[in-house]
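[1] Show me how the following folds:
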Amino acid sequence: MVAYKMIVSLNTVPVGKTCSVENLNFVGEKRRRMLDLGLIKDTEIEVLHKSPFGDPVAYFFKGTIIALRKEDAEQILVR
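    Sure thing, here's the model as predicted:
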């Protein structure tokens, strides 16, 4: 289930919500790495857990859990 109809940064999605990738604002190696992880358009992402200080945040997608820092999550646009 997708939680948002408008496009926002992944870092703004609250814990427990699910969203879907719309676009990546990365370039170069960082973009390739995110694509290799499976962050492509329409990939569903569930926000699982924030660390005690709020960074990084654990996300579940494509059968795995990945922790992303805020500066990376800001570059992932979701709906």
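[2] pLDDT score for the spatially most central residue of the chain?
    In the chain, the C-alpha nearest the mean C-alpha coordinate belongs to residue 10, at 4.7 Å (CA atoms, centre = their mean). Note for residue 10: predicted pLDDT of 97.
[3] show me what contacts it?
    If you count contacts by CB atoms under 8 Å, 6 or more residues apart in numbering, residue 10 has them with 19, 45, 47, 59, 68, 73, 74, 76, 77, 78. In short, each C-beta sits where N, CA and C put it, glycine included.
[4] Pull up the gap between it and residue 66, please.
    Going from residue 10 to residue 66 by CB to CB, to the nearest Å gives 11 Å.
[5] Now the common contact residues for these two.
    By CB under 8 Å, 6+ apart, residue 10 and residue 66 have these common neighbours: residue 59.
[6] Strands of this structure, start to end?
    Taking DSSP state E as the criterion, the chain contains strands spanning 8-9, 18-24, 44-50, 57-61, 64-68, 76-78.
[7] Go ahead and name everything in contact with the shortest one.
    Contacts of strand 8-9 from elsewhere in the structure, counted by CB under 8 Å, 6+ apart, are 19, 73, 74, 75, 76, 77, 78, 79.
[8] From those residues, list just the buried residues.
    Buried residues within the contacts of strand 8-9, defined by neighbour count using 16 or more other CB atoms under 10 Å: 19, 73, 75, 76, 78.
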